[in-house]
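Peer 1: With the input below, show me the fold.
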Amino acid sequence: MPMYEYRCHKCNALFEEIASADETVSCPSCGSRDTERLLSACACHTGSGSAEGASSSCSGGGCSGCSGGHCSTCCGH
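Peer 2: Next up is the predicted model:
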C-alpha cells in the first residue's frame, strides 16, 4: 500500500500514513477521523526500486526522512 500525507481538520496536524486509497485514517495526535489526504509533490526512488531510499518531498527541499535536509539516500543530491 502507498504512503499518503494527511492533514487533520481538528488539530491541524500533518502526518503520513500507509493506507489504501479509500481508507479513512485517524490523526495520531488527537484521534480525529476528520482528516484530508494531501497531494504530494513527487515520490523519488533510488537504487533497486525498494522502499528504502524513498521520499515524498524531493522537490528541492531535501527529504523528510533525515535530519540533514539533503542526503543522497533520499533524493540523489
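Peer 1: switch to C-alpha atoms for all contacts and neighbour counts from now on
Peer 2: Noted.
Peer 1: Could you pull up the contacting residues of the nearest residue to E16 once chain neighbours are set aside?
Peer 2: Closest residue to E16 in three dimensions, ignoring its sequence neighbours and counting by C-alpha to C-alpha, 6 or more residues apart in numbering: E5, at 4.4 Å. Counting by C-alpha atoms under 8 Å, 6 or more residues apart in numbering, E5 touches 14-17, 37-40.
Peer 1: Out of those, which sit inside strands?
Peer 2: 14-17, 37-38 (DSSP state E).
Peer 1: Is there a quick ChimeraX command that grabs whichever of those are buried?
Peer 2: Buried residues among the ones in strands among the contacts of E5 (16 or more other C-alpha atoms under 10 Å), as a ChimeraX selection:
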select :14,15,17,37
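Peer 1: can you name the two of the ones in strands among the contacts of E5 that are farthest apart?
Peer 2: Distances among the ones in strands among the contacts of E5 were taken as C-alpha to C-alpha; the most separated pair is E17 and L38, at 11.3 Å.
Peer 1: what residues are shared contacts of these two?
Peer 2: Any residue near both E17 and L38 by C-alpha under 8 Å, 6+ apart counts here, and that gives 4-6.
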